[in-house]
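Peer 1: How does the following fold in three dimensions:
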Amino acid sequence: MSIQINGEISIKGLPGSDGIAIGKVLVIDHKAKKIQPKKIKSESILTNLKQFASSRQKFLKELNELSNNLDQKTAGILETQKHIVSDIEIEQKINTAIEDEHYSVDYSIYKVFNEFIERLRESGSELFQQRIIDIENIRDRLIALACENEANIFEVEKGAILIVKEISPTDLISYHEKGISGLIMDRGGVTSHAALIAQSLNIPCIVSTKIAVQSASLAKQAIIDASNGELVLNPSKEKLSEFRKRIKKLKRARKVLKNSKAASETKDGVAFHLRANIEFTQELELAHRCGAEGIGLLRTEALLYEGFIKKSESEQDKFYEEILQNSSGPVTIRLFDVGGDKLNAHTPEEANPFLGWRGIRMLLDEKEMLISQLRAILKISGKFPNRVKILVPMISVFEEVIEVKRTIKQVKKALDKEGIEIDDSIQVGIMIEVPSAALLANHIAKEVDFFSIGTNDLTQYTLAVDRGNDQISKLYQQHNPAIWRLIKLTKEAADEHKIDLTVCGQLAGDVLGAICLIGMGITDLSMSPASISRVKEVLITRSREELSEISEYILSCKTTAEVQQFYEKWGKVS
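Peer 2: Numbers count the residues shown, from 1 in each chain. Below you'll find the predicted structure:
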């Protein structure tokens with residue numbers, strides 16, 4: 001969405017990496033090369049095989065060179081790309097397409113990667129949807145190297161704001177070294193590799209702007225307000241002055257926060273906990289640096305994503321142990337939230353995978369996968385007692401809660417027979433992300449140890465809005481009063497049955513969202529590590545009474561516009 005006022009153009013997106021930046025505009029619009037099916041003669045097969053082998057070697061060399069002198073998280077993301085580039089299954093399929101099907105090297109690479117991209121697209125997993133761009137970047141770079149096309153890195157004036165449709169991690173690192181001050185991506189999500197690297201490199205970043213490249217073609221200067229997901233093109237003198245003051249204020253506030261090591265409590269002493277949502281072990285260092293009090297959401301889908309196959313139980317054991325060893329505080333492990341065998345293309349296509357066979361629905365049918373994951377989690381709980389929690393995704397009916405509890409009990413019994421020590425008091429909770437779960441919260445609360453509200457999916461399912469559909473994306477409103485009412489209903493059920501409640505969706509890492517949640521008495525929030533400092537900066541300067549008044553007002557609103565108008569007015573006087 002864009003709004004034009006007196007020559008200024010305001011474009012909204014999603015916060016990818018926190019911060020404010022002012023700079024000259026650099027728009028790069030790479031036109032995707034169309035790859036057509038092309039057959040080769042038998043005498044050209046060997047040449048094409050060598051071209052593919054050479055492209056892999058060159059790409060791996062690029063990734064290795066870039067990994068030097070990077071922080072652990074960024075190097076870890078490049079490591080993930082290395083695993084994909086060197087994957088044996090991919091190599092065999094591409095070689096087969098060249099040798100047996102007589103396709104050219106560029107089309108063979110394109111064909112094999114696109115098969116996997118389609119499986120990701122149909123998976124019903126938000127994480128996998130965001131990984132599509134990462135896979136496309138790897139595909140396109142391999143094709144470019146196989147066809148001997150070098151990467152096209154443009155000259156950058158230091159402090160420029162880079163505006164692109166999408167960008168590969170390798171290109172982003174190159175542009176960072178050249179001195180960009182901010183990044184705008186029309187595509188991609190908040191957990192895309194480029195957004196995660198922007199967080200590590202402290203580059204203010206906004207994603208999913210959709211029309212920024214098109215709108216910025218004639219713009220000279222821009223402002224990024226990443227905390228609010230806003231790009232301002234052709235800013236007025238007044239707007240520039242306002243944001244320069246905000247940058248100074250932000251620097252002072254962060255300096256005070258860093259020096260004071262302020263406790264996580266409101267101005268009048270009400271304690272709260274800010275935890276991290278993570279996916280990779282490489283994110284632990286950033287979570288620690290940002291002051292996360294444990295891991296409020298450990299996404300496990302990467303165990304399915306990397307290598308394109310399901311990880312064995314022993315590989316899961318290693319992953320969970322590395323997470324627990326290199327973190328402190330509680331670690332909430334979410335069970336696989338993806339459409340199971342779609343990863344292996346064995347199931348029929350679904351018209352709407354987000355309403356289909358995914359999350360606990362799939363796991364209860366695919367008991368072998370569920371039991372393997374539960375075994376790995378329960379085993380690690382024995383090594384790290386009182387730290388591990390199990391989180392069940394996509395609960396929509398009461399019966400699913402009973403069945404998953406029964407399965408956990410069976411796995412515990414089997415491990416006990418094997419003489420494997422586990423944490424008998426391990427907590428089991430469910431995601432509240434489907435309206436039916438919120439409406440049944442009073443009954444479900446009797447069966448579980450905690451609730452975790454996933455506001456991303458709760459918004460999508462409550463408002464019946466597909467975030468990927470540009471025509472209705474404006475209806476994806478996390479601050480909609482309907483969402484706040486379902487959160488309130490869930491909070492009341494948790495309080496009545498004395499179980500813990502946390503919020504782990506995007507709303508928790510949004511300043512207005514955090515203010516209202518704490519005001520409602522929800523004091524356990526989990527978010528992207530990069531959001532923790534910004535949220536804490538605001539919460540420690542306010543009293544619980546003030547936050548409660550804000551939440552009461554927001555709960556009385558009828559529209560999202562009312563909520564936003566109130567927040568903008570409050571922000572100007574605060």
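Peer 1: how about the nearest residue to residue 378, chain neighbours excluded?
Peer 2: residue 422 (4.5 Å; CB to CB, 6 or more residues apart in numbering). In this view, the C-beta of every residue, glycine as well, is placed from N, C-alpha and C.
Peer 1: Quick check: which element contains that neighbour?
Peer 2: Using DSSP states H and E, residue 422 falls within no helix or strand.
Peer 1: and the longest strand along the chain, average pLDDT?
Peer 2: Using DSSP state E to define each element, the chain has its longest strand at strand 20-28. Averaging the model's pLDDT scores along strand 20-28 yields 93.
Peer 1: Is there a neighbour count for the residue nearest to residue 378? I'd like the number.
Peer 2: By other CB atoms under 10 Å, 20 other residues sit near residue 422.
Peer 1: pretty sure it contacts residue 384?
Peer 2: No: when contacts are counted by CB atoms under 8 Å, residue 422 is not listed as touching residue 384 (10.8 Å).
Peer 1: Can you pull the poorly scored residue ranges out of the stretch 201-350 of the chain?
Peer 2: Within the stretch 201-350 of the chain, the segments meeting pLDDT under 70 span 253-262, 305-311, 339-350.
Peer 1: is it fair to say residue 389 lies in a strand?
Peer 2: Yes: assessed by DSSP: H, G, I helix; E, B strand; the rest coil, residue 389 belongs to a strand.
Peer 1: mind listing the helices for the stretch 1-150 of the chain?
Peer 2: 45-67, 72-85, 88-99, 105-121, 126-146 (DSSP state H, counting those that start in this stretch).
Peer 1: And residue 430, its phi and psi?
Peer 2: Reported as degrees, to the nearest 10, the phi and psi values for residue 430 are phi -130, psi 150.
Peer 1: contacting residues around it?
Peer 2: Going by CB atoms under 8 Å, 6 or more residues apart in numbering, residue 430 touches 391-392, 395, 401, 437, 444, 448, 451-452.
Peer 1: If it is in a bridge, with which residues?
Peer 2: residue 392, residue 451 (DSSP bridges).
Peer 1: how near is it to residue 444?
Peer 2: For residue 430, the distance to residue 444 (CB to CB, to the nearest Å) stands at 7 Å.
Peer 1: Repeat that for residue 174.
Peer 2: From residue 174 to residue 444 the distance is 49 Å (CB to CB).
Peer 1: Kindly report the same for residue 554.
Peer 2: Taking CB to CB, one finds residue 554 at 25 Å from residue 444.
Peer 1: What segments of the stretch 251-400 of the chain are strands?
Peer 2: Using DSSP state E, counting those that start in this stretch, the strands of the stretch 251-400 of the chain run over residues 273-278, 295-298, 331-334, 388-392.
Peer 1: Of those strands, which is nearest residue 34?
Peer 2: Among the strands of the stretch 251-400 of the chain, the nearest to residue 34 by CB to CB is strand 273-278 (37.3 Å).
Peer 1: and the closest one, how far out from the chain's middle?
Peer 2: 13 Å (CA atoms, centre = their mean, to the nearest Å).
Peer 1: returning to that earlier point: find the one among the strands of the stretch 251-400 of the chain with the highest mean neighbour count.
Peer 2: Stretch with highest mean neighbour count among these: strand 295-298 (a mean of 26; mean count of other CB atoms under 10 Å).
Peer 1: helices or strands next to it in the packing?
Peer 2: strand 273-278, strand 331-334, strand 524-527 (3 or more CB pairs under 8 Å, 6 or more residues apart in numbering; DSSP states H and E).
Peer 1: what packs against the longest one?
Peer 2: Using 3+ CB pairs under 8 Å, 6+ apart as the contact criterion, the elements in contact with strand 273-278 are helix 284-289, strand 295-298, strand 524-527, helix 532-539.
Peer 1: The longest one relative to strand 273-278, how many degrees between them?
Peer 2: It refers to helix 532-539. When axes from the mean of the first three to the mean of the last three CA atoms, to 10 degrees is applied, the directions of helix 532-539 and strand 273-278 differ by 160 degrees.
Peer 1: Which residues outside helix 532-539 are in contact with it?
Peer 2: 18, 227, 253-254, 257, 262, 264, 266, 272, 274, 276, 290-292, 508-509, 511, 514-515, 518, 525, 527, 547.
Peer 1: ok, the contacts of residue 430 vs residue 491, which is closest?
Peer 2: Using CB to CB, those come closest to residue 491 at residue 451, 8.7 Å.
Peer 1: so who does that closest one touch?
Peer 2: 429-430, 432, 441, 444-445, 490, 493-494, 499-502.
Peer 1: again, but for residue 230
Peer 2: 10-13, 206, 224.
Peer 1: same deal with residue 136?
Peer 2: Going by CB under 8 Å, 6+ apart, the list of residues near residue 136 reads 113, 117, 166.
Peer 1: at 10 Å instead, please
Peer 2: 32, 113-114, 117, 166, 168, 187 (CB atoms under 10 Å, 6 or more residues apart in numbering).
Peer 1: Can you tell me which of these is nearest residue 303?
Peer 2: Of these, the one sitting nearest to residue 303 (CB to CB) turns out to be residue 117, at 19.3 Å.
Peer 1: Can I get the longest strand of the chain in CSV, CA atoms only?
Peer 2: What follows is strand 20-28, C-alpha atoms only, in CSV (Å, rounded to 0.1, in the frame of the first residue of the first chain):
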residue,chain,number,x,y,z
ILE,A,20,15.8,4.1,11.1
ALA,A,21,17.9,5.2,8.1
ILE,A,22,18.0,8.2,5.8
GLY,A,23,19.8,8.1,2.5
LYS,A,24,19.9,8.4,-1.3
VAL,A,25,17.8,5.8,-3.2
LEU,A,26,19.5,3.0,-5.1
VAL,A,27,16.9,0.9,-7.0
ILE,A,28,18.0,-2.4,-8.6
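Peer 1: ok, that strand: who's next to it in the sheet?
Peer 2: Within its sheet, strand 20-28 is paired with strand 161-164 (parallel), strand 221-225 (antiparallel), according to DSSP bridges.
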